[in-house]
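1. Give me coordinates for this.
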Amino acid sequence: MTVANRPPTSGSTGPGKGPAKELTVLVPVFNEEDNIGFLYERLINTLDAYGKSFELLFIEDGSVDRSFEKLAALHRADARVRVVRFARNFGQQMAISAGLQYGRGEVIVLIDADLQAPPEEIPRLVDKLAEGYDIVYGVRKGRIDSLLRRVGSWGMSHLLYRITGIDIPDSASGFTALDRRFVENINLYSDKSKYFSGLFAWLSYGRWATVDIRHAARHSGESKYTIAKLVSLTLNFVCNFTVMPLRFSLFVGAVLAGASLATAAGWAFAGALGMAPFHALGFLALAIVFLAGIQLAAMGVLGEYIGRIYREVREQPLFVVREQLDHPED
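-> Now for the predicted structure:
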């Protein structure tokens, strides 16, 4: 069992060492047993026709179905298939982190296993990247997703723009092509709470491009991103790239403090004129409850940042590898 604490750098003896390829296709996998075979066939057909040397790197993220057994069978049958199996489920962001460390290609293409992003579009992304960009995003056209997912994706792109000043259409797309030097820079970041869409956009400022792609329905199964996971990702993004929530709490506190002083002055003036405050006790109780809610919300914001500091200082590994399937020549 291998523990990954720090990403390898170029030329090191880290997990990415081995025969170089022109292209690595990185696929995070979690409970996708019904999609793996179809994905493999379409990837092989596309990449064989493309003519570049390649490897398929699957990061098996602690699945509880037969995903690993199917990946192991592909590995035995095809020397271009590599598998890294986690000891437990660490989440898609950690699977991407592992893939960026273990991938050997001069270009790394990140694609989901659900077949919503067509593998046949990979050559277009790679060709666009060759024009000198750090990263190329596959922008989904005619998205076949629920209204909630589309609204959430729009919200994340809008939030990304507000925080970083980078307006990337469909920045949350899981279909991207990344240059090797850019990947090596990404691997220098060892945050425990990762959000790669934000990190990609922040680090590739001015050196990114987009390619319109077809968007298909999920081939089989259901999305692994629940509302709770999407909220967690949003918090990771916001807290990793800005202290805006802390400043907002300070602003709200200052406004409420000023309002309280103004109210107290108003009551004092009314008392001096002999006028009784209107429902003073009820108003006071409501104000106390409101201010208590604001205080709790501010404590929650502080807790998010403190929790991230706690995770960083614990020196806990990003992920733990249970098994790695490579071939003798690797």
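
2. My understanding was that residue 117 contacts residue 211; is that so?
-> No: using Cβ atoms under 8 Å, residue 117 is not in contact with residue 211; the gap is 11.1 Å. From N, CA and C alone the C-beta is placed, and that goes for glycine too.

3. higher neighbour count, the two?
-> More neighbours surround residue 117 than the other of residue 117 and residue 211, with 23 against 18 (other Cβ atoms under 10 Å).

4. So for residue 17, what's the pLDDT?
-> The model reports residue 17 with a pLDDT of 67.

5. same question but for residue 144, I mixed them up
-> So, for residue 144, pLDDT stands at 66.

6. Same question for the one 5 residues further on.
-> The predicted local confidence for residue 149 comes out at a pLDDT of 63.

7. before we move on, what about the one 10 residues further on?
-> Reading off the per-residue confidence, residue 159 sits at a pLDDT of 68.

8. let's number from 51 now, not from 1
-> All right, first residue 51 from here; so that's residue 209.

9. circling back: who touches both of residue 167 and residue 261?
-> residue 188 (Cβ atoms under 8 Å, 6 or more residues apart in numbering).

10. host element of residue 135?
-> In this assignment (DSSP states H and E), residue 135 forms part of strand 131-136.

11. which strands and helices sit next to whatever helix or strand comes next after that strand?
-> Going down the chain from strand 131-136, the next helix or strand is helix 142-152, by DSSP H and E. Contacts defined by 3 or more Cβ pairs under 8 Å, 6 or more residues apart in numbering; DSSP states H and E place helix 142-152 against strand 71-79, strand 104-110, strand 131-136, strand 155-160, helix 246-253, strand 369-375.

12. Let me see the ranges of the helices in the chain.
-> 83-100, 117-127, 142-152, 172-179, 197-214, 230-236, 246-253, 277-291, 294-322, 330-363 (DSSP state H).

13. strand partners of the strand holding residue 135, parallel vs antiparallel please.
-> Take DSSP bridges as the rule and strand 131-136 pairs in its sheet with strand 104-110 (parallel), strand 369-375 (antiparallel).

14. Name the stretch among those strands that sits most buried.
-> With neighbours taken as mean count of other Cβ atoms under 10 Å, the strands paired with strand 131-136 reach their highest mean count in strand 104-110, at a mean of 26.

15. Residues touching that one, excluding its own?
-> Contacts for strand 104-110 (Cβ under 8 Å, 6+ apart): 71-80, 86, 90, 93, 97, 117-118, 121, 124, 128, 130-136, 145-146, 148-149, 152-155.

16. hmm, which of those residues are the buried ones?
-> Buried members of the contacts of strand 104-110, counted by 16 or more other Cβ atoms under 10 Å: 71-80, 86, 90, 93, 97, 117-118, 121, 124, 130-136, 145-146, 148-149, 152-155.

17. sorry, back to before: could you tell me the least trusted of the strands paired with strand 131-136?
-> Minimum mean pLDDT among the strands paired with strand 131-136: strand 369-375, a mean of 92.

18. and that strand with helix 117-127, angle?
-> 40 degrees (axes from the mean of the first three to the mean of the last three Cα atoms, to 10 degrees).

19. tell me the angle of strand 369-375 relative to helix 142-152?
-> Going by the same axes, to 10 degrees, strand 369-375 makes 50 degrees with helix 142-152.

20. hmm, back to that, let me have the helices and strands packed on helix 142-152 in CSV, adding distance to residue 301 as columns.
-> Converted to CSV, these look like this (distance: least, Cβ to Cβ, whole Å):
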stretch, distance to residue 301
strand 71-79, 39
strand 104-110, 41
strand 131-136, 42
strand 155-160, 38
helix 246-253, 23
strand 369-375, 38
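
21. Can you get me a residue count around the residue lying closest to residue 163 once chain neighbours are set aside?
-> Spatial nearest neighbour of residue 163, excluding adjacent residues (Cβ to Cβ, 6 or more residues apart in numbering): residue 82 at 4.2 Å. Residues contacting residue 82 under the criterion other Cβ under 10 Å number 28.
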